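> Just to be clear, the model below is a prediction. Sequence and coordinates:
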Amino acid sequence: MSLKDIINNNLTYWVSADGPERDIVLSSRIRLARNIEKLNYPNRAKPAERAEVTKRVIEILSRQEQVKLHYMDVNDLPVLERELMVEKHLISPIHAQEGSEKGIFLADQENICIMINEEDHIRIQVLMPGLQLGKAWEIAGELDDLLEGKLDYAFSEKWGYLSTCPTNTGSGLRASVMVHLPALNLTNNIAKMLGAVSQLGLAVRGLYGEGSESVGNIYQISNQLTLGHSEHDIIDNLKGVTKQIIDQEKQARQLLLQKMEFKVKDQFRRSLGLLKYAYQISSQESMKLLSNVKLGIDMGIIDDVDSGVLSELMVLIRPAHIQKIEGKELDETARDIKRAELIQARLNM
Amino acid sequence: MLCQRCNQRDATVHLTKIINEEKTELYLCEKCAQETGQIPFNNNPFSFQNLLSGILNPELSSIDSVQPELICDTCGMSYKEFTKKGLFGCADCYETFSSKLDTLLKRIHGSNYHNGKVPQRSGGNLRIKKEIEQLRKELQLAIEHEYFEKAAELRDQIHGLVEKLEGE
Ligand SMILES: [Zn+2]
Ligand SMILES: [Zn+2]
């Protein structure tokens, strides 16, 4: 198999498929936290109780034809497979660790992933490419109805869905978008934007960086409040703010072209040059350069590479993916060399 | 962005503090965060829980000495342990700790009432109540527009639902 085929085989739906506003919004995610009445929550449950959760959910999901899901016990999965799922943002790092009765239900397309016995008994997650919060909510809601038809959820009239952590109480809904905001960063507007967004009940965090810093200008924006607001309002609020951020980012891109045309053009091409000819490269440096290249593509300055490179490569260049593609364990230096090779193969696709 | 305390190093720690229902945002560098004891800085995935227990604990220390400790009969979780972990042990913890939760949930969410989806099975009467509310609005409209037949129909529906509520 050629490296190109291997790359294509390792791409998950949300990184490779197209979606609305895909130039700036890489993905949309909906997560619902649900628990079953009369069973202790995972942090307090005995193995038998955790097994009961698994049993009940498997029973429901195996007897329906609405959506095809495969069940996996985390302990049965090789460590590398679990890490791949973390790198694809399908499961949390905590869920990837060995533990009793931790389960995963995954759709073929990997756009649906249900975690069993993570922090809550059930966490329904739907991941879509581009800005598709409404669609993701629809899919998650249908799955929720399907489970709820057979399970007695822990629910109170006053407080809604009784989640394990009080920060999820109420709707149990976490809606988020992953956005690429290089121009806001280059024009020094990112801090202002972060501040404004957090005034609106939303949380921003940088991806692939520590705290609010981001490597590769990728940020995740999500609702912080879950109680007192309807799911519809939470999603609408996030969607509205995301649209404004898209506008701001587009304005910043215009500004870059007006004020620093030669400088940014030079920077984009240098970044592409480094990525094309480096012999070894770290993931941090790759992310920085890929962000520049994507901006160059989206601004029409680089035209021989397609816009999907960033979302595809930001997952493919991570350690587990590189080792999966290479078919063996690699140390850091070996990974850096392989990473450069992989990026070059993808840039030429 | 730069650290708000020293204005020198990059702010890598983003803190949302809720004090007396006032939300403050803090952006600090790792060093300042440590020096001011804002959070025990480490890469522990549970550090968020520590942060949360910071929100919960000040309240606890004052009340704790006066009131007997609340303990959930079902899972054995005490309120003290809950504030440390930031996690409920079971659904009944909510009921057991209810005297403290209104304040707590309001601090976190700015609200202490659910206003979203209601499940068919465990939603109990809430679904019916919401339906009655909706029908009453329609009834009002029907009367305003003098659709009397429609109004009579709606009235019957509402009666039916109210009876169902009272019967349960
Ligand atoms: Zn500082
Ligand atoms: Zn309990």
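Good, I have the coordinates. Ligands and ions are numbered 1, 2, ... in the order given.

> which stretches of chain B have low pLDDT?
B:14-25, B:34-67, B:122-124, B:168 (pLDDT under 70).

> where does the most centrally placed residue in chain B fall, helix, sheet strand or coil?
Nearest to the geometric centre of chain B sits residue B:105, at 3.6 Å (C-alpha atoms, centre = their mean). When classified by DSSP: H, G, I helix; E, B strand; the rest coil, residue B:105 comes out as helix.

> How is the chain partitioned into domains?
Picked chain A for this. Following automatic domain parsing, one finds the domains of chain A at A:9-253, A:260-347.

> Please refer instead to chain B.
With automatic domain parsing as the reference, chain B has domains B:1-40, B:48-109, B:124-167.

> Residue B:95: how many residues sit nearby?
15 (other C-beta atoms under 10 Å in any protein chain shown). From N, CA and C alone the C-beta is placed, and that goes for glycine too.

> Quickly note the distance from it to chain A.
8 Å (C-beta to the nearest C-beta, to the nearest Å).

> looking at the domains of chain A, which is closest to residue B:93?
In terms of C-beta to C-beta, the element of the domains of chain A nearest to residue B:93 is domain A:9-253, at 8.3 Å.

> ok, and does the closest one reach over to ligand 1?
No. Legend: contact between domain A:9-253 and ligand 1 by C-beta under 5 Å from the ion is lacking; minimum distance shown is 12.0 Å.

> Distance from that domain to the middle of the chain?
8 Å (C-alpha atoms, centre = their mean, to the nearest Å).

> first to last residue in it, what's the distance?
The separation between the terminal residues of domain A:9-253, taken as C-alpha to C-alpha, to the nearest Å, is 34 Å.

> Wondering if it reaches ligand 2 at all.
No. If you take C-beta under 5 Å from the ion as the test, domain A:9-253 misses ligand 2, and the best it gets is 6.8 Å.

> all strands for chain B, in order.
B:13-19, B:22-28 (DSSP state E).

> my bad, should have said chain A
A:25-34, A:69-73, A:103-107, A:112-116, A:122-129, A:155-156, A:160-161, A:173-180, A:202-206, A:218-223.

> what's the most buried one of these?
Highest mean neighbour count among those (mean count of other C-beta atoms under 10 Å in any protein chain shown): strand A:160-161, with a mean of 28.

> quick revisit: rebuild the domains of chain A as a markdown table, extending it with distance to residue B:153 and mean pLDDT.
Compiled in a markdown table, the domains of chain A are given as follows (distance: least, C-beta to C-beta, whole Å; pLDDT from 0 to 100):
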| stretch | distance to residue B:153 | mean pLDDT |
| --- | --- | --- |
| domain A:9-253 | 28 | 93 |
| domain A:260-347 | 53 | 94 |
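
> Pick the most deeply packed of the ones you listed.
domain A:9-253 (a mean of 20).

> So what sits opposite whatever residue of the stretch 51-200 of chain A ends up closest to chain B in the bridge?
Closest to chain B within the stretch 51-200 of chain A is residue A:160: 2.9 Å, counting by C-beta to the nearest C-beta. Residue A:160 has these beta-bridge partners by DSSP bridges: residue A:156.

> which ones are touching it?
Neighbouring residues of residue A:160 by C-beta atoms under 8 Å, 6 or more residues apart in numbering or on different chains: A:169-172, A:227, B:114-117.

> Let me know the closest of those to residue B:141.
Using C-beta to C-beta, the contacts of residue A:160 come closest to residue B:141 at residue B:115, 22.5 Å.

> got a list of what that closest one touches?
Per C-beta under 8 Å, 6+ apart, neighbours of residue B:115: A:160, A:170, A:227-230.

> how far away is whatever residue of the stretch 1-150 of chain A ends up closest to ligand 1 from residue A:317?
At 27.4 Å from ligand 1, residue A:93 is the closest residue in the stretch 1-150 of chain A, using C-beta to the ion. Here the criterion is C-beta to C-beta, to the nearest Å. By it, residue A:93 lies 18 Å from residue A:317.

> just the helices in the chain please.
Here I'm looking at chain A. A:3-9, A:13-16, A:47-62, A:79-87, A:133-148, A:182-186, A:190-198, A:231-277, A:283-298, A:309-316, A:319-326, A:332-347 (DSSP state H).

> you looked at the wrong chain, it should be chain B
B:30-35, B:47-64, B:79-85, B:91-96, B:98-109, B:126-144, B:148-167.

> mind listing what residue A:320 touches?
By C-beta under 8 Å, 6+ apart, the neighbours of residue A:320 are A:80, A:83-84, A:86-87.

> Please apply the same query to residue A:347.
Neighbours of residue A:347 in contact, by C-beta under 8 Å, 6+ apart: A:272, A:275-276, A:305, A:309.

> and the two most separated of the residues you listed?
Pairwise over those, using C-beta to C-beta, the maximum falls at A:276 and A:309, 11.8 Å.

> Please tell me how far the nearest residue to residue A:218 once chain neighbours are set aside sits from residue B:89.
Once flanking residues are discounted, residue A:218 sits nearest to residue A:207: 4.4 Å by C-beta to C-beta, 6 or more residues apart in numbering or on different chains. With distances taken as C-beta to C-beta, residue A:207 is found 32 Å from residue B:89.

> again with residue B:147
From residue B:147 to residue B:89 the distance is 53 Å (C-beta to C-beta).

> Would you mind telling me which of the two has the busier surroundings?
Between residue B:147 and residue B:89, counted using other C-beta under 10 Å, the more crowded position is residue B:89 (23 against 15).

> Residue B:73 is in contact with that one, correct?
No. Using C-beta atoms under 8 Å, residue B:89 is not in contact with residue B:73, being 11.0 Å away.

> now residue A:244: how far from ligand 2?
42 Å (C-beta to the ion, to the nearest Å).

> Residue A:90 too?
30 Å.

> OK, contacts around that residue?
Here residue A:90 is in contact with A:12, A:104, A:106, A:110, A:113, A:125, A:127 (C-beta under 8 Å, 6+ apart).

> Switch those over to a markdown table; also include distance to residue B:157.
Shown next, in a markdown table, are those (distance: C-beta to C-beta, whole Å):
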| residue | distance to residue B:157 |
| --- | --- |
| A:12 | 48 |
| A:104 | 44 |
| A:106 | 43 |
| A:110 | 45 |
| A:113 | 41 |
| A:125 | 38 |
| A:127 | 41 |
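
> Considering those, which is situated nearest to residue A:154?
When these are compared against residue A:154 (criterion: C-beta to C-beta), the nearest one is residue A:125, at 19.0 Å.

> and that closest one, bridged to which residues?
Residues in beta-bridge contact with residue A:125 (DSSP bridges): residue A:31, residue A:113.

> For residue A:107, give me its contacts.
Contacts of residue A:107 by C-beta under 8 Å, 6+ apart are A:67-70, A:113.

> Out of the strands of chain A, which gets nearest to residue A:298?
That would be strand A:173-180 among the strands of chain A, by C-beta to C-beta, at 8.4 Å.

> how far off strand A:202-206 does that closest one point, in degrees?
40 degrees (axes from the mean of the first three to the mean of the last three C-alpha atoms, to 10 degrees).

> when you scan strand A:173-180, is anything in it near chain B?
Yes. On the criterion C-beta under 8 Å from any C-beta of the partner chain, strand A:173-180 is in touch with chain B at residue A:173.

> Could you report the distance from the residue of the stretch 51-200 of chain A closest to chain B to ligand 2?
Taking C-beta to the ion, one finds residue A:160 at 17 Å from ligand 2.

> roughly how far apart are that residue and ligand 1?
In terms of C-beta to the ion, residue A:160 sits 39 Å off from ligand 1.

> One more: residue B:92?
44 Å.

> Buried deepest among the helices of chain B, which one?
Ranked by mean neighbour count, the helices of chain B are led by helix B:91-96 with a mean of 22 (mean count of other C-beta under 10 Å).

> Name the nearest residue to residue 117, sequence neighbours excluded.
You didn't say which chain, so I picked chain A. residue A:42 (4.6 Å).

> look at chain B instead
Of all residues not flanking residue B:117 in the chain, residue A:231 sits nearest, at 5.7 Å (C-beta to C-beta, 6+ apart).
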